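>>> what would the 3D arrangement of this be:
(one chain, ligands or ions: 1)
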Amino acid sequence: MSECNETGIITLKPIGIIRSDFQALDNVPIGGGTSQIEIFPEYKDGLLRIEKNSHLWIQMWFHKAPRDVLKVVPGKVNSNLPEYGVFGLRAFGRPNPIALSLVRLEQVKDNLLWVSGLDAINETPVLDIKPYYEQEIVFSPDTPYIRPLKREMRQQIFMKQALLHHQEKCDQLLLGVRMALIADDYFGQLNSRELKLTVNGSPCLADVLQGLSNARLANPPRFRYNKTHELQQSIWEKDGSSLIITVKQPITDDNFFNTDDQQLFIIDFKE
Ligand SMILES: [Zn+2]
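Numbering: from 1, shown residues only. Okay, here's the model as predicted:
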C-alpha cells in the first residue's frame, strides 16, 4: 500500500516487524543471525506457500540510520578507503534507509518466519518480502573491492559467501575459506578477471573456491579443476606470479580459527 501525492511524498505501511536479539547495529555480525519476522495479521495471506522458497529478500526500513548522507568512507570495513557515494554501497545511511537482506528461510508457522542471515536489529519495520530466484544470479559481476582492513572481517565475509554458494558447512568449506584468505593476502580481489585458479582435490573444495573466486570455466577462462584424493591444493596465478597452497594436515572445526596458516599449509609464492 503506497501512494504518491503531488509533492512526491510516498507513504509506506510496514507489513511486519523483526524480532531479534540484536539491539544495536554494531552488534550484528556480518553473516547476520537467526531472527524472527512477525508479519502483521492483515498481511498473513501474503505468506501462502512461501515455505517453497529456501531463500528470500527482506526489505526493511532502517529507522535508526542517518538520512542526510550521500558520500561515506566505509569506515567500519576499512577507514583507509576513499569515499564512495551511498548508491554504490550497502551502507546503512542513505536518503531513504531501505535495507535489503538475503536470508535463508528456516521455518514458517502462522504469521511467523524464522530466518538466518538477517542483519537487522530488533523492532526494525519490514516493508516487503520477495523470493530469491536463481535465474537472477549474476555469477561473477564486476564490483569494487571494498577490502576490510581486518583479516577477521574478511574471514567472516568469506564464510558467509562460501555458505551461500556451497550450502553445507563441511571441512572442505573451512579449508577453502582459509585458502581464499591467503590468496587475498597475496593478490587482493579474488574475483579479478586477471586471477586464475586451479584446484587439485575434492569436489567440495573446488566448489567452495569457485564460489569465493567467482572464477568461471570460460569467458574469461579462469578456473580449472582436477579431482584427486591424493592432495588438497589450490594454485592462484596473476600477472606472472603464482601462489601454491597445499594442505599439510586435515582441518577441523576446533583448529579452524586458531591454527596458523604455516601449520596448516605449505605456501609457495613465486613472483
Ligand atoms: Zn561440502
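
>>> C-alpha from now on. contacts and neighbour counts both.
Will do.

>>> what are the ranges of the strands in the stretch 101-250 of the chain?
Assigned by DSSP state E, counting those that start in this stretch, the strands in the stretch 101-250 of the chain fall at 112-118, 125-131, 196-201, 223-227, 233-238, 241-247.

>>> need those in JSON lines with mean pLDDT and distance to the ion, can you?
Below are the strands of the stretch 101-250 of the chain laid out as JSON lines (pLDDT from 0 to 100; distance: least, CA to the ion, whole Å):
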{"stretch": "strand 112-118", "mean pLDDT": "94", "distance to the ion": "19"}
{"stretch": "strand 125-131", "mean pLDDT": "97", "distance to the ion": "25"}
{"stretch": "strand 196-201", "mean pLDDT": "98", "distance to the ion": "12"}
{"stretch": "strand 223-227", "mean pLDDT": "97", "distance to the ion": "14"}
{"stretch": "strand 233-238", "mean pLDDT": "98", "distance to the ion": "16"}
{"stretch": "strand 241-247", "mean pLDDT": "97", "distance to the ion": "16"}
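
>>> let me know which of the ones you listed is tucked in deepest.
Among the strands of the stretch 101-250 of the chain, ranked by average contacts under mean count of other CA atoms under 10 Å, first place goes to strand 196-201 (a mean of 22).

>>> could you export that strand as CSV, CA atoms only?
Included here for strand 196-201 are C-alpha records, laid out as CSV according to Å, rounded to 0.1, in the frame of the first residue of the first chain:
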residue,chain,number,x,y,z
LYS,A,196,43.3,-17.7,-12.5
LEU,A,197,42.6,-20.6,-10.2
THR,A,198,43.4,-24.3,-10.4
VAL,A,199,42.1,-26.7,-7.7
ASN,A,200,43.5,-30.2,-7.2
GLY,A,201,41.4,-32.0,-4.6
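
>>> who does it pair up with?
strand 223-227 (parallel), strand 233-238 (antiparallel) (DSSP bridges).

>>> of those strands, which is nearest I50?
With respect to I50, and counting by CA to CA, the nearest of the strands paired with strand 196-201 is strand 223-227 at 36.0 Å.

>>> contacts for that closest one, please.
With CA atoms under 8 Å, 6 or more residues apart in numbering as the test, strand 223-227 has contacts from 196-203, 206, 210, 215-217.

>>> could the strands of the stretch 101-250 of the chain go into TSV alongside distance to L149?
Below are those laid out as TSV (distance: least, CA to CA, whole Å):
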stretch	distance to L149
strand 112-118	22
strand 125-131	32
strand 196-201	24
strand 223-227	27
strand 233-238	22
strand 241-247	22
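
>>> wait, which of these is closest to G46?
Of all the strands of the stretch 101-250 of the chain, strand 125-131 comes closest under CA to CA, at 9.3 Å.

>>> figure out how far that closest one is from the centre of its chain.
19 Å (CA atoms, centre = their mean, to the nearest Å).

>>> follow-up on the earlier one: Serialize the strands paired with strand 196-201 to a markdown table and add fields for distance to D254.
As requested, those are arranged in a markdown table below (distance: least, CA to CA, whole Å):
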| stretch | distance to D254 |
| --- | --- |
| strand 223-227 | 27 |
| strand 233-238 | 21 |
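
>>> quick one: closest of these to G85.
In terms of CA to CA, the element of the strands paired with strand 196-201 nearest to G85 is strand 233-238, at 30.0 Å.

>>> closest to K52 out of the strands paired with strand 196-201?
With CA to CA as the criterion, K52 lies closest to strand 223-227 of those, at 33.0 Å.

>>> can you give me the helices in the stretch 151-271 of the chain?
Secondary structure of the stretch 151-271 of the chain, counting by DSSP state H, counting those that start in this stretch: helices at 151-166, 171-187, 203-213, 253-256, 261-264.
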